[in-house]
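>>> below are the sequence and a predicted model for it; my questions follow.
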Amino acid sequence: KNQVEQSPQSLIILEGKNCTLQCNYTVSPFSNLRWYKQDTGRGPVSLTIMTFSENTKSNGRYTATLDADTKQSSLHITASQLSDSASYICVVSRRTGNQFYFGTGTSLTVIP
Amino acid sequence: DVKVTQSSRYLVKRTGEKVFLECVQDMDHENMFWYRQDPGLGLRLIYFSYDVKMKEKGDIPEGYSVSREKKERFSLILESASTNQTSMYLCAAGIGAENYGYTFGSGTRLTVV
């Protein structure tokens, strides 16, 4: 069964600290993996996208990693800011059938 | 960048009403999608479309229909709204299987009373 699981479900950190969000998937055959940031009441916005051959991709203070062998990805946020408070959603695509599989997201709250 | 525009940010409708949610994209992308998002359930695919007048059921199509008469516009229709259709509705557009241009709209928060 094609699934995407994210952990933790929610996270609270102090401003300026780093954090890492996890995404494990069983989607096959794998095409690509995206991390999205979704502010409350808004649509998701793409942060990174990685294909099978990519291990790391950065977007400012956001760094995503992918281990296609273990089917795990992480999103590392460096020097967190209050504006990082949002839900972070992992989305995995299959290579066939134009299918996308969503994790239920990690809710991150950054406090001063 | 692809811009995906959903016509309403917030809607309140009565049970039994027919509801239209409109989505327009400006980059000539073939694929368009409608999702609903509920707490604890994440995003669930309702319908998607690969081209004009083409539509495919997603995971939860019951109670919904769609229309794609023009490439840039994908409409979600609730024939007879019910309270369990209260949700955040998200439209997305993208190109091809890799969908590097996969972009979401800002969402429509629908409340059915």
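Yep, that arrived.
>>> pretty sure B:Met32 is in contact with B:Ile95, am I right?
No - if you go by Cβ atoms under 8 Å, B:Met32 and B:Ile95 don't touch, sitting 10.6 Å apart. For every residue, glycine as well, the C-beta is placed using N, CA and C.
>>> tell me which of these two has more neighbours.
Ranked by neighbour count (other Cβ atoms under 10 Å in any protein chain shown), B:Met32 and B:Ile95 place B:Met32 first, with 26 against 15.
>>> partners of the helix or strand bottoming out on mean pLDDT in chain A in the sheet?
Sorting the helices and strands of chain A by mean pLDDT, DSSP states H and E puts strand A:100-102 at the bottom, at a mean of 85. Strand A:100-102 pairs in its sheet with strand A:86-94 (antiparallel), by DSSP bridges.
>>> touching the partner strand from outside, list them.
By Cβ atoms under 8 Å, 6 or more residues apart in numbering or on different chains, the residues outside strand A:86-94 that reach it are A:2, A:4, A:6, A:21, A:23, A:25, A:27-40, A:44, A:47, A:73, A:75, A:99-108, B:42-43, B:97-99.
>>> what subset of the residues you listed is buried?
A:4, A:6, A:21, A:23, A:25, A:27, A:30-38, A:44, A:47, A:73, A:75, A:99-108, B:42-43, B:99 (16 or more other Cβ atoms under 10 Å in any protein chain shown).
>>> what segments of the chain are strands?
In the absence of a named chain, this looks at chain A. Counting by DSSP state E, chain A has strands at residues A:4-7, A:10-14, A:19-25, A:30-38, A:45-51, A:56-59, A:62-67, A:72-77, A:86-94, A:100-102, A:106-111.
>>> please go with chain B instead
Using DSSP E, strands in chain B cover B:4-6, B:10-13, B:19-21, B:23-25, B:31-38, B:42-49, B:56-57, B:64-70, B:73-78, B:87-94, B:103-104, B:108-112.
>>> next, the buried residues of the fifth one.
If I follow you right, that is strand B:31-38. B:31-37.
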